[in-house]
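> need a 3D model of the following:
(one chain, ligands or ions: 1)
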Amino acid sequence: MNECSTSSTSSTALASLGVIPIVLVLIIIILIRRERFKSKSLFLDSKVQHVVITGGSSGIGLCIAKECCRLTKKDGSPMFSHVSLIARNMSKLQVAKEEVEKTSSNNKVVVTIVSADVSNYEELSETLKTTILTSNIPTPTLLFNVAGTSIPCRFLESDPSIYSELMSINYLGSVYTTRAVAPLMVENGGGTIVLTSSVAGQVGTYGYTAYSPTKFALRGFAEALMMELAPFNVHVQLSFPPNTDTPGFEKENILKMEECRLIEDEAGLFQPEEIAQKMVKEALSNNTRYLVWFGLEGWMMSTLTCGMSGVHNFVDALCQILLLSLFRFVSLFYLKKFRSLVESCHSKRTNQKG
Ligand SMILES: NC(=O)c1ccc[n+]([C@@H]2O[C@H](COP(=O)([O-])OP(=O)(O)OC[C@H]3O[C@@H](n4cnc5c(N)ncnc54)[C@H](OP(=O)(O)O)[C@@H]3O)[C@@H](O)[C@H]2O)c1
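Modelled structure (predicted):
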């Protein structure tokens, strides 16, 4: 009698253990369930599409422009009828335009170049109004904010002016461009706005006291903006590129201290084409992600730093719930390694001076 009741109790316990994951899955689905992103129809149905890319004359931005120009719909027509590139230097833009046009198979894509400084709102909005935000060109359905730059430095030796310079380009540049374009997307019934942060916007490391905060700031902006624009069917996406082999990265390498190089060696180097392909794919995806990462470590970092950020994807939500504490544990090993690299470089320098 006792044995019987013990075995029935344990089978009930086992059955309820099996129910827990099912209930968990159902709760996650209900919590993250949202209307399918309606403006996807803007990308799939309409014949005219306009993508705007800041920083489109070089590196990741240029590769995004080429990818957008290369993409076609099922019927063979171009995914985007208009591709607009924004950057400051006109001669670099001219070269970029020629390169981008070559990637369009039948020259059906109209490539427009605009010289403007994204960190100057008045100049930017006036220039955009007279060039690409006019009634002659379709309203942008997709905006990639990519323009940005980095100046590695040691805080104690830094020129204080670089803090406002980087904030103006990397943070305000994205805010200003979005401010100029988003109202038109709202009027047009929807769109997608992509903001380019960085792995340095997920973790602050040696030499990036000027750069990292500009990329962290984009996250706060993206989260608040996402909540405001969702009712207008305008989606916001935040991407975190890792080290990528671009002209900007090459320039940054000249200024890098030994500590930066050693920490970066842990992360590897990506090609701008693969970063661009994923950014475009995620921006056009039906199963829209809010956080876009690259590689295994990027996935770990995005899961680990998800915080209170929005999540629209079931797999992402499940990974965040199940893996956060494990990834936190792993991160302690990375932090220990970074600290010992910094300390050994510091002792080496002190010994050299002494
Ligand atoms: N490469 C990496 O390892 C890496 C990693 C993580 C994140 N990111 C981010 O990804 C973005 C692109 O990086 P990248 O390496 O491809 O850079 P890049 O090769 O240096 O290209 C930067 C682009 O931004 C434009 N730009 C810079 N300042 C501008 C301004 N004030 N107004 C308008 N356009 C401006 C540049 O053109 P002009 O100079 O002619 O204006 C250029 O077209 C940046 O936001 C960067 O922070 C890069």
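> from here on, contacts and neighbour counts on C-alpha atoms
Fine.
> what's around the nearest residue to Leu71 once chain neighbours are set aside, how many residues?
In space, and not counting its chain neighbours, Leu71 is closest to Met79: 5.5 Å by C-alpha to C-alpha, 6 or more residues apart in numbering. Neighbour count for Met79, taken as other C-alpha atoms under 10 Å: 24.
> what residues are up against Met79?
By C-alpha atoms under 8 Å, 6 or more residues apart in numbering, the contact list for Met79 reads Phe43, Gln49, Cys68, Cys69, Leu71, Thr72, Lys73.
> among the residues you listed, which pair sits farthest apart?
Greatest spacing in the contacts of Met79, by C-alpha to C-alpha: Phe43 and Cys69 (13.9 Å).
> the two: which has the busier surroundings?
Neighbour count, other C-alpha under 10 Å: between Phe43 and Cys69, Cys69 has more, with 27 against 21.
> could you check how far the more buried one is from the ligand?
Counting by C-alpha to the nearest ligand atom, to the nearest Å, the gap from Cys69 to the ligand is 17 Å.
> tell me who's in contact with that residue.
Counting by C-alpha under 8 Å, 6+ apart, Cys69 touches Pro78, Met79, Phe80, Val83, Val100, Glu101, Thr103, Ser104, Val109.
> helix or strand right after the helix or strand containing it?
For Cys69, the host element (DSSP states H and E) is helix 59-70. Once helix 59-70 ends, the next helix or strand along the chain (criterion: DSSP H and E) is strand 82-87.
> next to the ligand, which bits of the stretch 151-300 of the chain? Give me the list.
The stretch 151-300 of the chain has residues 169, 196-198, 241-249 near the ligand, with proximity defined as C-alpha under 6 Å from any ligand atom.
> Pro241 touches Val199, doesn't it?
Yes - with contact defined as C-alpha atoms under 8 Å, Pro241 reaches Val199; the gap is 6.1 Å.
> excluding chain neighbours, what is closest to whatever residue of the stretch 251-354 of the chain ends up closest to the ligand?
Nearest residue of the stretch 251-354 of the chain to the ligand (C-alpha to the nearest ligand atom) works out as Pro272 at 7.2 Å. Nearest non-adjacent residue to Pro272, counting by C-alpha to C-alpha, 6+ apart: Ile60, 5.0 Å away.
> what's the answer for Val203, then?
Leaving aside its chain neighbours, Val203 sits nearest to Ser212 (7.7 Å; criterion: C-alpha to C-alpha, 6+ apart).
> repeat that for Thr303.
Per C-alpha to C-alpha, 6+ apart, closest to Thr303 is Gln320, 5.3 Å.
> what's near enough to touch that neighbour?
Listed by C-alpha under 8 Å, 6+ apart, the contact partners of Gln320 are Thr303, Leu304, Cys306.
> between those, identify the one with the most neighbours.
Thr303 (23 neighbours).
> just checking, it touches Leu318?
No - at 10.0 Å, Thr303 and Leu318 do not qualify as touching, with contact defined as C-alpha under 8 Å.
> could you check the pLDDT of the spatially closest residue to Ile32 that is not a sequence neighbour?
Once flanking residues are discounted, Ile32 sits nearest to His312: 5.6 Å by C-alpha to C-alpha, 6+ apart. His312 is assigned 82 on the pLDDT scale.
> wait, isn't His312 in contact with Tyr290?
Yes - proximity of His312 to Tyr290 meets the contact threshold set by C-alpha under 8 Å, at 7.0 Å.
> and the longest helix seen in the chain, which residues are buried?
In the chain, assigned by DSSP state H, the helix with the most residues is helix 314-353. Across helix 314-353, burial judged by 16 or more other C-alpha atoms under 10 Å covers Phe314, Asp316, Ala317, Gln320, Leu324, Phe327, Phe338, Leu341, Val342.
> next: stretch 268-288.
So for stretch 268-288, counting by 16+ other C-alpha under 10 Å, buried means 270, 272-273, 275-280, 282-284, 288.
> distance between the ends of stretch 156-163?
Between the opening and closing residues of stretch 156-163 lies a distance of 13 Å (C-alpha to C-alpha, to the nearest Å).
> Provide the contact partners of that stretch at residue level.
Counting by C-alpha under 8 Å, 6+ apart, Ile151, Ala210, Tyr211 sit against stretch 156-163.
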